[in-house]
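# what follows is a predicted structure for the sequence shown.
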Amino acid sequence: MVTTLIRRAIQAGFVILAMTLIVFVGINVIGNPVDILINPDLNQAERAQVIANLGLDKPLWQQYLSFLHGLTQGNFGNSFVYHKPALDVIIERLPATLELALCAMVIAIVVGIPLGLYAGLYPRRISSRIIMTGSIFGFSLPTFWVGLMLILVFAVELGWLPSNGRGDTVMFLGVNWSFLTANGLSHMLLPALNLALFKTSLILRLTRAGVQEVIAQDFVKFAHAKGLHESRVIFVHVLKNLMIPVVTIIGLEFGSLIAYSVVTESIFGWPGMGKLIIDSINLLDRPVIVAYLMMMVILFVSLNFIIDICYTLLDPRVRLEGKG
């Protein structure tokens, strides 16, 4: 097991290194921030001085090596717009996006797994068919339209929930959090539901498919033949064996919630990283864009590494293959 994890960690390191080159070169060949950030009324000497201060006067390979050197020290460069470290700019917005993604994923897990388990165990019931029909809507309805409808119904017509902003926050561990206040939770509910809709449908259908595959296996039939209680068969034999693909989806989809919450954050005015990256793209704030993309790369690589660890805990065959 240890050998397998070390090998995966080395592979993850090479992936991150390769992505630094792809991200840095890709961002630097698209658009010129000089055209946006520098006053056109400046003369040639002043313009050259500003370009030098931004570090854009060096060849691309030198800029990349400087970026790598800074990356080893946790420095992604200074934001062209905010005039402070790009990582600090992102970290300021990270808690808002993180708690929104966590809330959405909790909703998706709490709703999706039980409903998928029920629909898989009792596929012929009318209620199961209604559940599966509802999951189709979760896949089909566009996020921006659902968000607008949630605002129209629950904020405008009924007036039950606020439509934008983060609400009241409480400082905990040096960070402001919304979920620790009732007002913050009320502001979080609509965007979290909007984010969770697609993920709930995905987890639900995957769980249902896994249940139907597992219950046909011989070890489940043998468990029933032994006279084990139905709940023990479901939670010990069925649920544990279908969790491997579910864990994979949960891990990857949690990363996507953080990385791709741009639409939801824009609709609900949620002050997270999604809105920040849109503003940075409009202004060609390269350090912030590169820092954000590299954080997403590290996030997905780390999630895959954690999923590999979960595999070794859920499936003994993974450990045996590692020893082989």
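Noted; the coordinates are in hand.
# Ile249 is in contact with Thr307, correct?
Actually, residue 307 is Ile rather than Thr. No: with contact taken as C-beta atoms under 8 Å, Ile307 and Ile249 are classed as non-touching, separated by 9.7 Å. Glycine gets a C-beta too; all of them are placed from N, C-alpha and C.
# now Met296: closest residue in space that isn't a chain neighbour?
With C-beta to C-beta, 6 or more residues apart in numbering as the criterion, Met296 has its nearest non-adjacent residue at 4.6 Å, and that residue is Ala259.
# so for the one you found, what's the pLDDT?
Predicted confidence (pLDDT) for Ala259: 72.
# kindly report the same for Leu320.
Leu320 is assigned 45 on the pLDDT scale.
# tell me the contacts of Pro271?
93, 96, 165-166, 265 (C-beta atoms under 8 Å, 6 or more residues apart in numbering).
# actually Ser266, sorry about that
Residues near Ser266 by C-beta under 8 Å, 6+ apart: 274-275, 278.
# neighbour-wise, which of those residues leads?
Gly274 (22 neighbours; other C-beta atoms under 10 Å).
# was I right about that residue contacting Thr264?
Yes: the pair Gly274 / Thr264 is scored as a contact, 7.2 Å apart, by C-beta under 8 Å.
# what distance do you get for Ala104 to Leu252?
Here Ala104 is placed at a distance of 14 Å from Leu252 (C-beta to C-beta, to the nearest Å).
# same deal with Pro123?
Between Pro123 and Leu252 the computed distance is 26 Å (C-beta to C-beta).
# mind giving me the packing neighbours of whatever helix or strand Phe14 lives in?
Secondary structure from DSSP states H and E places Phe14 in helix 2-28. Contacting helix 2-28 under the criterion 3 or more C-beta pairs under 8 Å, 6 or more residues apart in numbering; DSSP states H and E are the following elements: helix 60-72, helix 286-314, helix 316-323.
# which of the ones you listed sits most buried?
For the helices and strands packed on helix 2-28, the largest average neighbour count (mean count of other C-beta atoms under 10 Å) is found in helix 286-314, namely a mean of 19.
# how about the helices in the stretch 51-200 of the chain?
Assigned helices in the stretch 51-200 of the chain, in chain order: 60-72, 86-121, 126-140, 143-150, 182-214 (criterion: DSSP state H, counting those that start in this stretch).
# compare those and say which comes out lowest on pLDDT.
Ranked on mean pLDDT, the bottom entry among the helices of the stretch 51-200 of the chain is helix 60-72, at a mean of 76.
# that one versus helix 286-314: what angle between them?
Angular relation of helix 60-72 and helix 286-314 on a 0 to 180 degree scale: 50 degrees, by axes from the mean of the first three to the mean of the last three C-alpha atoms, to 10 degrees.
# could you check the angle helix 60-72 makes with helix 2-28?
An angle of 140 degrees separates the directions of helix 60-72 and helix 2-28 when computed by the same axes, to 10 degrees.
# okay, now the unreliable bits of the stretch 201-324 of the chain?
In the prediction, the stretch 201-324 of the chain carries residues with pLDDT under 70 at positions 224, 227-230, 236-237, 310-324.
# who's more crowded, Ala104 and Leu252?
Neighbour totals were compared for Ala104 and Leu252, and Ala104 leads with 27 against 14 (other C-beta under 10 Å).
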